[in-house]
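K.L.:
Fold the stuff below for me.
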Amino acid sequence: MENEILQDKSIAFIAACVCSVAMTVVAWGLTKLWTTLIETVGRNPQARKDVSLFGFVGMGSIEAIALYILVIAVLIIL
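P.N.:
Purely as a prediction, here's the structure:
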């Protein structure tokens with residue numbers, strides 16, 4: 001009986017680890033977004049207003065994905 005419970009929890013922690021890998025990908029995407037934004041403004045400073053708007057919208061959507069993944073990981077563990 002205890003082994004079945006232990007196996008269920010181990011599968012849950014493995015699934016949470018997969019979610020942590022997904023969070024790593026989200027962090028990489030956010031880093032890529034900011035570096036591209038900085039490079040773009042560095043090359044063409046007059047496009048700052050337009051690029052900033054799209055940058056913040058992109059950042060918000062990436063952060064939303066990260067929050068969804070975090071909620072799923074917490075629900076899996078509980």
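K.L.:
All the helices of the protein, residue numbers only.
P.N.:
Taking DSSP state H as the criterion, the chain contains helices spanning 2-43, 48-77.
K.L.:
list the helices and strands the shortest one packs on?
P.N.:
Right, helix 48-77. When contacts are defined as 3 or more CB pairs under 8 Å, 6 or more residues apart in numbering; DSSP states H and E, helix 48-77 packs onto helix 2-43. The C-beta positions use only the backbone N, C-alpha and C, and glycine is treated the same way.
K.L.:
what pLDDT, on average, does the helix it packs on get?
P.N.:
On average, the pLDDT along helix 2-43 is 83.
K.L.:
mind listing what A15 touches?
P.N.:
A15 is in contact with A73, I76, counting by CB atoms under 8 Å, 6 or more residues apart in numbering.
K.L.:
separation between it and E39?
P.N.:
As judged by CB to CB, to the nearest Å, A15 and E39 stand 37 Å apart.
K.L.:
try V74
P.N.:
V74 is 36 Å from E39, where distance means CB to CB.
K.L.:
same deal with A47?
P.N.:
A47 is 12 Å from E39, by CB to CB.
K.L.:
Of all residues in this structure, which one is nearest the centre?
P.N.:
For the chain, the residue sitting closest to the mean C-alpha position, by CA atoms, centre = their mean, is V26 at 2.9 Å.
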